[in-house]
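1. give the three-dimensional model of this entry:
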Amino acid sequence: MASLPFLPGNSFTDPTKNKFHLCHSLNYKNGYSVPAAYPTVGIGGERLKVNQLSEAELDKLANEKPTLTYGQARPQPPEDFIPAHKAFDKKVLMFKAYYKQTVHESPNEHYRIRPVNIYYYLEDDSISVVEPVVENSGMPQGKLIKRQRLPKDDQGSHWHWKDLNMSMNVTFYGKVFHIVDCDRFTQDYLESEGIELNGPSSMPADPYNHHRVESARLQMFKTPSDFDKLKQFLTMDRKVLRFYCVWDDRDQMFGEMRPFVLHYYLVDDTVEVREVRTPNSGRDPFPVLIGRHKLPKNRDNVESSFPAVVMELSEHEIKDWFKPADLDIGKTVYVYGRRFLLYDCDDFTRAYYAHRLGRGMGSVDVNQPHPELPKMEIPPYNGFGSMEDSVQNCLSLIPQPPKKDYIKMMENDHKILRFEATMDSVHPEDNNRRFIISYRLSDDHVSIYEPPVRNSGIIGGKFLEATRITKPDCDPENPEFYSPADFAIGNIIVVFKHRFQITDADEYVLRYMEAHADTFPPQSQALQSFRARHGRETEDVVKNTPVKVQRTGGDLSALVQEVRFQLQKDNYMNHSSLREAFLWYDKDRSGKIDKSEVRNLCRRCNLPVDDDLLDALIAECDHNKDGQIDYFEFIKFLNWS
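-> Numbers count the residues shown, from 1 in each chain. Below you'll find the model as predicted:
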């Protein structure tokens, strides 16, 4: 059976075999387990008849012919492709170089050394050249060549990082740059790529800078002065002499005296002149006339050899400067051709001169008498419009409305003082004419009304529109107007050359004057005349006591005319509602109602008539003195249309 091929169907198992264990492969020697060289028995202790390889043979087989043990080796997978713009991103080679700039027409230098940095960008093989910026160099610096691929020759090739090395010249657009060194990253990268680097060279010195350094060494030295500037600074810091002065320029055309302040700084002997700004001077606000610096006594005393183009003088040209001893009150100081008269100083300056120089400082009066300004003459009133409106035409180019006292108007609204007057005229026919003068307390306007009289030959009605009346022979620029105190019984009121004599007044005038004792004292002529007219005692006057006014014939017609005038002025047309109110209260249709009800109904219907006139009209309508008013007759009196 051993000669049969090992194919399916040709293998047989021993049915009598009852051991299937694995034999041990460790042998114990001196208490240590030692592996056997190779197994000699198989499963169940069955003797192996195959030639076994030793350890040396196995090692030789694995090292020399691994394919027999492990089979054919698998091919290694290719590495991932990384593009250049990602592999070399932010990787820049930096070379330090310089170029020589030719300087024309200069006796001190022929060329200049301009250091630059050459940056090579590995991601796209582009190059940029940048010159480091040096402050106050006076030369344009920065980027010389922007980032781009630079051509190397006429065949179309470009500069590559393999072409760059230290201690060599490169030409970019006709300008030769000499590379002297590179940074650490550039050196490591080129060496890793197998490029042998040249040794670094030094940056040559610039001839102009070398000349300046040598010139600084050859400075001239002089003996230092004994004057201690530090001591002056410590003792005189923030101590300033202040002089008040004027610049007298009146000898020139349009010249004048202008005020200035001269400051002398003791810390460094410098002088400053400041202008005193005055309102409405017509000049631009330039407060500093002369800046703070040392002031020469005579600037024109300069040697002829001094160049005329130089404006800043130093101690080498001028030796004589202003000192505190050269300044005094009443002295004229010339500051660059300007004459400044010192006329006063402050308290610190007086104390300094008295303590240090033993000199007393007074003051000089430089105030000029101000010419009297011409006053505007206001022309006389021409009669057109009111006087206040006419004056506004003289005060401004665009007339403004005259200002009104609104508080007075609100407090005295609908308060009118009425006086009875006769005309005092040289013509006999005008002496018997009667007038009613109304004085409005809200705006001090006066209106005159003449009650019409039948068969008198004179048309009555409005004699004067409401206006302010000036007193005769008063100053036109400060006119004086008539006030309620001037309307005393017997006084003459001149209204535009017409003379009126006050003969009587209504009860409201007397009550108003008694209520305003601060304006009308008991000893005033107007109050005394009205009390005497109405039979009131001077001492025993009781407020709110009814006063009986003795009216003469024709009072009712004048009273009706004045009531109608007020109703017409306010354009009152609500007579029908007033009639309906009277009819509603007259239950028995007698045509009469109580006079108190008439007054209340008139106020409810907002009848625009003063209280005194309404009371007087109601009293006149009470013909039988029984307190009953014929309201049809009353409404007839109110109908002005």
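2. dump stretch 120-138 to PDB, keeping only the CA atoms.
-> Provided in PDB are the C-alpha atoms of stretch 120-138 (Å, rounded to 0.1, in the frame of the first residue of the first chain):
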ATOM      1  CA  TYR A 120      13.000  81.600  -4.700                       C
ATOM      2  CA  TYR A 121       9.600  79.900  -4.400                       C
ATOM      3  CA  LEU A 122       9.800  76.200  -4.900                       C
ATOM      4  CA  GLU A 123       6.100  75.700  -5.700                       C
ATOM      5  CA  ASP A 124       6.200  77.400  -9.100                       C
ATOM      6  CA  ASP A 125      10.000  78.300  -9.600                       C
ATOM      7  CA  SER A 126       9.300  82.000  -9.300                       C
ATOM      8  CA  ILE A 127      11.700  84.600  -8.000                       C
ATOM      9  CA  SER A 128      11.300  88.000  -6.300                       C
ATOM     10  CA  VAL A 129      13.900  90.600  -5.200                       C
ATOM     11  CA  VAL A 130      13.200  92.800  -2.200                       C
ATOM     12  CA  GLU A 131      15.400  95.500  -0.700                       C
ATOM     13  CA  PRO A 132      15.100  95.800   3.100                       C
ATOM     14  CA  VAL A 133      13.600  99.200   4.100                       C
ATOM     15  CA  VAL A 134      15.900 101.500   6.000                       C
ATOM     16  CA  GLU A 135      14.300 104.500   7.800                       C
ATOM     17  CA  ASN A 136      15.400 108.000   6.800                       C
ATOM     18  CA  SER A 137      17.600 106.600   4.000                       C
ATOM     19  CA  GLY A 138      16.200 109.100   1.400                       C
END
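3. what comes up buried for that stretch?
-> For stretch 120-138, burial by neighbour count (16 or more other CB atoms under 10 Å) applies to 120-122, 126-131. The way it works is simple: take the backbone N, C-alpha and C, and place the C-beta from them, glycine included.
4. those: which two are farthest apart?
-> 122 and 131 (22.4 Å; CB to CB).
5. circling back: so which of the buried residues of stretch 120-138 comes closest to residue 28?
-> Proximity of those to residue 28 (CB to CB) peaks at residue 122, which lies at 67.4 Å.
6. the nearest residue to the closest one once chain neighbours are set aside - how many residues pack around it?
-> Nearest residue to residue 122, sequence neighbours excluded (CB to CB, 6 or more residues apart in numbering): residue 88, at 3.7 Å. Counted by other CB atoms under 10 Å, the residues lying close to residue 88 total 16.
7. how about the contacts made by residue 88?
-> The contact partners of residue 88, taken as CB atoms under 8 Å, 6 or more residues apart in numbering, are 121-123.
8. now those as JSON lines including distance to residue 395 and secondary structure?
-> Below are the contacts of residue 88 laid out as JSON lines (distance: CB to CB, whole Å; DSSP: H, G, I helix; E, B strand; the rest coil):
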{"residue": "121", "distance to residue 395": "82", "secondary structure": "strand"}
{"residue": "122", "distance to residue 395": "88", "secondary structure": "coil"}
{"residue": "123", "distance to residue 395": "85", "secondary structure": "coil"}
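9. can you redo the buried residues of stretch 120-138 as CSV with pLDDT, secondary structure and distance to residue 431?
-> Output for the buried residues of stretch 120-138, formatted as CSV (pLDDT from 0 to 100; DSSP: H, G, I helix; E, B strand; the rest coil; distance: CB to CB, whole Å):
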residue, pLDDT, secondary structure, distance to residue 431
120, 96, strand, 127
121, 95, strand, 123
122, 93, coil, 128
126, 94, strand, 122
127, 96, strand, 124
128, 96, strand, 118
129, 96, strand, 120
130, 96, strand, 116
131, 95, strand, 116
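10. which of the contacts of residue 88 sits closest to residue 430?
-> Nearest member of the contacts of residue 88 to residue 430, counting by CB to CB, is residue 121, at 119.0 Å.
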